[in-house]
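**Student:** here is a sequence with its predicted model. Questions after.
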Amino acid sequence: MARTWNAANGELLRKIEGHERGVLRVMFSPTSDKLYTASSDKTAKLWVVATGERIATFEGHKRYVMRMTLSPDGTRLLTSSHDKTARVWDAQTGKLLATLAGHLMEVEDAEFSPDGLDVVTASYDGKARIWDLRQLSAP
């Protein structure tokens, strides 16, 4: 569960519920009206902040979703997981666009390049990899 609070007085504004296990990361959309959550239930989700309504579920990882970030233009969500992959999604619909597989251990972090054309991943296997998204085909 994620919660939103009034920063001025500490009042609980909303409980955002829907994950089957713990929420590991949260992140606002660029417009702050939506919230992304990543969970140990192997999913990430997109919510409307004002209502708590779920818009999309990003499903496909086989283990915890550890990190997530948006592309510079806000159209794609990048997730990294303990399933040894990172994945690129349509940030609004949850459609899987690419799976970045090749690490030998958990992918702890991933980030878009400033132009959004590349992704770098970091893994417990001791390697960082750069992925050219123009060279990847759909999953």
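**Tutor:** Thanks, I have the structure now.
**Student:** assess the claim that Val88 and Ala101 are in contact.
**Tutor:** No - at 12.0 Å, Val88 does not count as touching Ala101 under the criterion of CB atoms under 8 Å. Where C-beta positions appear, they are placed from N, C-alpha and C, glycine not excepted.
**Student:** which stretches of this protein have low pLDDT?
**Tutor:** Residue ranges of the chain with pLDDT under 70: 137-139.
**Student:** end to end, how far does stretch 117-134 reach?
**Tutor:** Using CA to CA, to the nearest Å, the end-to-end distance of stretch 117-134 comes out at 7 Å.
**Student:** so for it, what gets flagged as buried?
**Tutor:** Using 16 or more other CB atoms under 10 Å as the test for burial, stretch 117-134 gives Val119, Thr121, Ala122, Ser123, Arg129, Trp131, Leu133.
**Student:** now swap in stretch 59-68 and tell me
**Tutor:** Neighbour-count burial for stretch 59-68 flags Gly60, His61, Tyr64, Val65, Met66, Arg67, Met68 (criterion: 16+ other CB under 10 Å).
**Student:** show me which pair in the residues you listed is furthest apart.
**Tutor:** The span of the buried residues of stretch 59-68, defined through CB to CB, is set by Gly60 and Arg67 at 15.4 Å.
**Student:** got the contact list for the closest residue to Pro114 other than its chain neighbours?
**Tutor:** Take Pro114 and drop its neighbours on the chain: the residue closest to it by CB to CB, 6 or more residues apart in numbering is Pro72, 6.1 Å away. Residues near Pro72 by CB atoms under 8 Å, 6 or more residues apart in numbering: Phe112, Pro114, Asp115, Gly116.
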